[in-house]
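Q: show me how the following folds:
(2 chains)
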Protein chains: 2
Amino acid sequence: MKTSLDCLVCFMRQARSLGLHTSTDTTIRRQLLDETGRFITSVDTDLTPPENAGRLYPILAKFLGTPDPYAQLKEESNALALSLRDDIRQQIEQADDPLRAAVRVAIAGNVIDYGALHSFDAAETMRNCFARDFVIDDYPALRQAVSAKGQKVLYLSDNSGEIVFDGLLIEQLQRLGCHVTTAVRESPIINDATLADARACGLDQLCPVISSGTASSGTVLSQCSKKFLDHFYAADLIISKGMGNFESLSDQAEPLFFLLTVKCAEVARCIQAKRELEPELLQGKGEMVLLGQQL
Amino acid sequence: MKTSLDCLVCFMRQARSLGLHTSTDTTIRRQLLDETGRFITSVDTDLTPPENAGRLYPILAKFLGTPDPYAQLKEESNALALSLRDDIRQQIEQADDPLRAAVRVAIAGNVIDYGALHSFDAAETMRNCFARDFVIDDYPALRQAVSAKGQKVLYLSDNSGEIVFDGLLIEQLQRLGCHVTTAVRESPIINDATLADARACGLDQLCPVISSGTASSGTVLSQCSKKFLDHFYAADLIISKGMGNFESLSDQAEPLFFLLTVKCAEVARCIQAKRELEPELLQGKGEMVLLGQQL
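A: Residues are numbered from 1 along each chain as shown, chains lettered A, B, ... in the order given. Have a look, this model is predicted:
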């Protein structure tokens, strides 16, 4: 998915959000907007949004004087998600179809996204996710794909906090005999999960965790490490979480399943086009989507 | 009201909206965003938003190759409003309190604002306005102020289309014996009404129409003509329509009544502060407000 002109407005919005979340200094908050204003002219709309954002965030981090401005919020997200984990695991295990329930939880966990949302109530969202409808629901195909014996699954994680709920889905995949490897970002960008977050949430105790080799807030294959690409191309299926991974992989031919809440109109439009959906059905207001790339 | 950092994001959003409304050429649409990006660093947050926007829009109009990029949309707004006028006048005249009904209509007419809104259904809004609650409602004070014999009222108009409904309120004010003068912008900015629009909507047949002397999308007194200022300071009361006029006059001490639908969170916050409102009550999502400055 290419960067649209709406994304240019969103980069400004993200710079404002970054300032509000990470600094109380109005001068610094202003600098973030000024730098983003200057950056706008250099945006390459032939690239994906994560490729452009991957150039912007390091510029802004410099002004904030830290490579990881969302560090504290990431810690808080991890702690919040961990505090909810046991209850939610119990609900999954008591469900008629635990895999289905875990898929719901993993998608709802994607609401924790400081890059795209202004405010949210993660705990409330997690409580409500069992009753919500999906706008696109390729669960039967996912269920079938993971039910074959010993499938190699590459799980592309997205945000801190959210990875706790990814862990609950990975548990269910493992029960079905899948061999799961989880990928995280190489270094901090927005609130995306890194190896440190995976460890903080115990994901490394559950399955092998590798880095994508890139700090982009998506999976930009041209920037990924050889190790990651080996896993990517060898996987029987790839579960891709969140908008950034979708934005960077939406044109790939691999057996991808995109699990996300859609929080922007551009991503909504791209998904609409794939499935010839009515625009009213998918507006980018937090709708839950499970989209099989090859379906 | 000063320009906030949220306004900087909004300037980008407005540049995007301008491109979408006035050009099908992606290169031009991109140029508008690039120019606005460059402009961001020069925004003076000690000035009001209309003062800063008043510098931005002429820059963007140059790229569009026209001093009045919204000309067609303004014509359409005027025509739409004129097509609704007779029906709405009838509803006003049949109301128990025609002045009250006309105030409702004038405020609801403020929904026609290409600068602040992405999409709207003006006709629907006008039909529904009689049943909607006001978040702030200083109508009793306005009623009292205009009921004194022969009051000199300066009516600061805002947008094209909307001025048709302003005309219906002016009719009611005249019935109460008020001497009304209407002010419009000196030259085109966004979809703000100018003398040409006032004529197209027959406002000049109803009352004297003067220019503010400035092309700012508000009433920036330091830029206004002497003729306008004479009216401004001599008026017994001033009716100020819309957000731009509020943003530029919110700190003035004159006997102002602000009639507007609140379509942005910053204006909402400013009004909240004046009245110590709970934030939930006024979020900038199109709420109707009648605010007496001196109350």
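
Q: output the lowest mean pLDDT helix or strand found in chain A.
A: helix A:122-128 (a mean of 77; mean pLDDT, DSSP states H and E).

Q: quick one: residues in contact with it.
A: A:77, A:80-81, A:84, A:88, A:105, A:108-109, A:111-112, A:161, A:165 (Cβ atoms under 8 Å, 6 or more residues apart in numbering or on different chains). In this view, the C-beta of every residue, glycine as well, is placed from N, C-alpha and C.

Q: ok, and the most crowded of the residues you listed?
A: A:G109 (33 neighbours; other Cβ atoms under 10 Å in any protein chain shown).

Q: next, it: secondary structure please.
A: helix (DSSP: H, G, I helix; E, B strand; the rest coil).

Q: just the strands from the stretch 151-295 of chain A, written as ranges.
A: Along the stretch 151-295 of chain A, counting by DSSP state E, counting those that start in this stretch, strands occupy A:152-156, A:179-184, A:209-211, A:237-241, A:256-262, A:287-292.

Q: in a markdown table, list the ones you listed along with mean neighbour count and mean pLDDT.
A: Formatted as a markdown table, the strands of the stretch 151-295 of chain A follow (neighbours: other Cβ atoms under 10 Å in any protein chain shown; pLDDT from 0 to 100):
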| stretch | mean neighbour count | mean pLDDT |
| --- | --- | --- |
| strand A:152-156 | 23 | 98 |
| strand A:179-184 | 22 | 98 |
| strand A:209-211 | 19 | 98 |
| strand A:237-241 | 26 | 98 |
| strand A:256-262 | 26 | 97 |
| strand A:287-292 | 21 | 96 |
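
Q: out of those strands, which comes closest to chain B?
A: Nearest to chain B among these is strand A:256-262; the distance by Cβ to the nearest Cβ comes to 17.9 Å.

Q: for the closest one, name the packing helices and strands.
A: helix A:98-108, helix A:139-147, strand A:237-241, helix A:242-249, helix A:265-275, strand A:287-292 (3 or more Cβ pairs under 8 Å, 6 or more residues apart in numbering or on different chains; DSSP states H and E).

Q: tell me which of the ones you listed is the most buried.
A: helix A:242-249 (a mean of 28; mean count of other Cβ atoms under 10 Å in any protein chain shown).

Q: other residues contacting it?
A: A:1, A:48-51, A:53, A:110, A:113, A:115-116, A:156, A:158-159, A:162, A:192, A:216-221, A:240, A:256, A:258-260, A:262-264, A:267, A:270-271, A:293.

Q: with stretch A:271-290 instead?
A: A:103-104, A:107-108, A:111, A:117, A:129, A:132-139, A:142, A:246, A:250, A:257-269, A:291.

Q: same thing but at 6 Å, please
A: The contact list for stretch A:271-290, computed with Cβ atoms under 6 Å, 6 or more residues apart in numbering or on different chains, reads A:107, A:132, A:134-139, A:259-265, A:268.

Q: looking at the residues you listed, which is nearest A:D121?
A: A:D121 has its nearest neighbour among these in A:T261, at 13.3 Å by Cβ to Cβ.

Q: coming back round to it: could I get the helices and strands packed on strand A:256-262 as a markdown table with distance to B:E93?
A: Shown next, in a markdown table, are these (distance: least, Cβ to Cβ, whole Å):
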| stretch | distance to B:E93 |
| --- | --- |
| helix A:98-108 | 54 |
| helix A:139-147 | 59 |
| strand A:237-241 | 60 |
| helix A:242-249 | 53 |
| helix A:265-275 | 43 |
| strand A:287-292 | 46 |
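
Q: on that earlier part again, just the contacts of stretch A:271-290: which has the poorest pLDDT?
A: Within these, A:R132 has the lowest pLDDT, namely 86.

Q: burial count for that residue?
A: With other Cβ under 10 Å as criterion, A:R132 counts 15.

Q: show me the contacts for it.
A: A:M288.

Q: residues in contact with A:A265?
A: Neighbours of A:A265 in contact, by Cβ under 6 Å, 6+ apart: A:G284.

Q: try A:G167
A: A:203, A:206.

Q: contact residues of chain A facing chain B?
A: A:5, A:8-9, A:12-13, A:16, A:29, A:33-34, A:37, A:40-41 (Cβ under 6 Å from any Cβ of the partner chain).

Q: among those, which one sits closest to A:D230?
A: For these, the residue nearest A:D230 by Cβ to Cβ is A:L8; the value is 35.2 Å.

Q: what's the helix or strand for that closest one?
A: helix A:5-22 (DSSP states H and E).

Q: so what touches that helix?
A: Against helix A:5-22 from outside (Cβ under 6 Å, 6+ apart): A:29, A:32-33, A:36, A:40, A:43, A:49, A:60, A:64, A:69, A:115, A:266, B:9, B:12-13, B:16, B:29, B:33.
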